[in-house]
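In: This is a predicted model, with the sequence first.
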Amino acid sequence: MTKNAVPRLALVTGGAASGKSRFAEALVSGFGRPRVYVATAQAWDDEMRAKIARHRAQRGPDWRQVDAPDDLAGALALAQPEEVLLVDCLTMWLTNRMLAEADLAAESSALAQALARAPGPVVCVTNEVGQGIVPENAMARAFREVQGRLNQQVAAEADLVVAVMSGLPLVLKGRLPHD
């Protein structure tokens, strides 16, 4: 990726409440293209509804929103070449698919193919789940493993990978286009 080029695929990772979504939104806003927010979260309770409302207010009205809690590959296929997509986040999407008892390896492979075929740039947000203690239950351990594999798969294909800690970005791969 050359300096000031918009990455074809970017991955923004970090822990919970690390500032990764805010960073990704700022990154996408700097591209000067129509912005599409691809939401994967589902509002199952009041706390999640409040979080979603906060995120929408923070982004403002200049974003088109697509809800894709399950069919993320389908949402990517509908994008227009001039748009930049912000997928927030892969972790919520993977959680949704796991709870639906989907074939996670097949779903992750289909997502990787959809990301490769996306008609315009895509920025994906994901959680880094492998830096904590080993979870005590089997489902959490299985999720940690599949999330780690998905993150590695997307990072390998990405032009830009940024880890965000305490609101500060650390470039792991590529160069920030606004540098």
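Out: That came in fine, so what should we check first? Numbering: from 1, shown residues only.
In: which one in this structure is furthest away from the centre?
Out: The centre of the chain is farthest from one residue, E136, which by CA atoms, centre = their mean lies 26.2 Å away.
In: State the next helix or strand along the chain beyond the host helix or strand of A155.
Out: In the assignment (DSSP states H and E), A155 maps to helix 138-157. Heading C-terminal from helix 138-157, the first helix or strand you meet, by DSSP H and E, is strand 160-165.
In: Could you name the helices and strands sitting against the helix or strand of the chain with the lowest mean pLDDT?
Out: In the chain, no helix or strand scores lower on mean pLDDT, DSSP states H and E than helix 46-59, which sits at a mean of 88. Helix 46-59 sits against helix 20-29, with contacts defined as 3 or more CB pairs under 8 Å, 6 or more residues apart in numbering; DSSP states H and E. Where you see a C-beta, it was placed from the backbone N, CA and C, and this is true even at glycine.
In: Show residues contacting the helix it packs on.
Out: With CB atoms under 8 Å, 6 or more residues apart in numbering as the test, helix 20-29 has contacts from 10, 12-14, 35, 55, 58-59, 84, 86, 88-89, 123, 125, 127, 162, 164, 167, 169, 176-178.
In: quick one: buried residues of it?
Out: Buried residues in helix 20-29, counted by 16 or more other CB atoms under 10 Å: 20-25, 27-29.
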